[in-house]
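Enquirer: What shape does this take:
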Amino acid sequence: MSELTFPEDILYHPEHTWVRIADDNTAVVGITDFAQEQLGEVAFVDLPEIGSTFAAGDEFGTVESIKAVSSLHMPIAGTVTAINEALEDEPSDVNTAPYGDAWMIRITVDADADKSQLLDSEKYASQL
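Expert: Here you go, the predicted structure:
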């Protein structure tokens, strides 16, 4: 087992997704290093359509591995503006770059989005 990483420049949802929010209220969402390790080799990623709107905690897609199918939970309320189409051909990127090339969706964060559920890297790591 390699050492798990939890970058400090992103926020974490208790259901093992992360969000990196930019100053212009856009954000990138993916799954955590812990989640990809628990899943094992990722074989398929099912992502929502562009324009889909989700509340924090809503299921926005699934990740399928040899071990299981897991729901992806939206870390913060927002509207999908892009999906990572590269994951259709290379879902295993989730295992090697969960915070980089294997981001899952880009969103516009709702103006009144509640960030209270989100954890910093230290709090997220301590709950595992």
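Enquirer: where do the strands sit along the protein?
Expert: Here the chain has its strands, by DSSP state E, at 11-12, 17-21, 26-31, 42-46, 53-54, 59-65, 69-73, 78-83, 105-109.
Enquirer: center of this protein, which residue is that?
Expert: Gly30 (2.2 Å; CA atoms, centre = their mean).
Enquirer: which residues does that one contact?
Expert: By CB atoms under 8 Å, 6 or more residues apart in numbering, the contact set of Gly30 is 17-18, 94, 98-99, 102-104. All C-beta atoms are positioned from the backbone trio N, CA, C, and that covers glycine.
Enquirer: per-residue pLDDT, it?
Expert: Here, the pLDDT recorded for Gly30 equals 98.
Enquirer: what about it, distance to Asn84?
Expert: 8 Å (CB to CB, to the nearest Å).
Enquirer: Just the pLDDT for Ser71.
Expert: So Ser71 comes in at 97 (pLDDT).
Enquirer: One more: the one 4 residues further on?
Expert: According to the predicted model, the pLDDT of Pro75 comes to 97.
Enquirer: Verify the contact between it and Ile10 for me.
Expert: No. Pro75 is beyond contact range of Ile10, at 9.3 Å (criterion: CB atoms under 8 Å).
Enquirer: which residues do these two both contact?
Expert: The contact lists of Pro75 and Ile10 share 18-19, where a contact means CB under 8 Å, 6+ apart.
Enquirer: who's more crowded, these two?
Expert: With neighbours defined as other CB atoms under 10 Å, Pro75 and Ile10 compare such that Pro75 has more, 32 against 21.
Enquirer: Got phi/psi on that one?
Expert: Main-chain torsions, Pro75, degrees, to the nearest 10: phi -70, psi -20.
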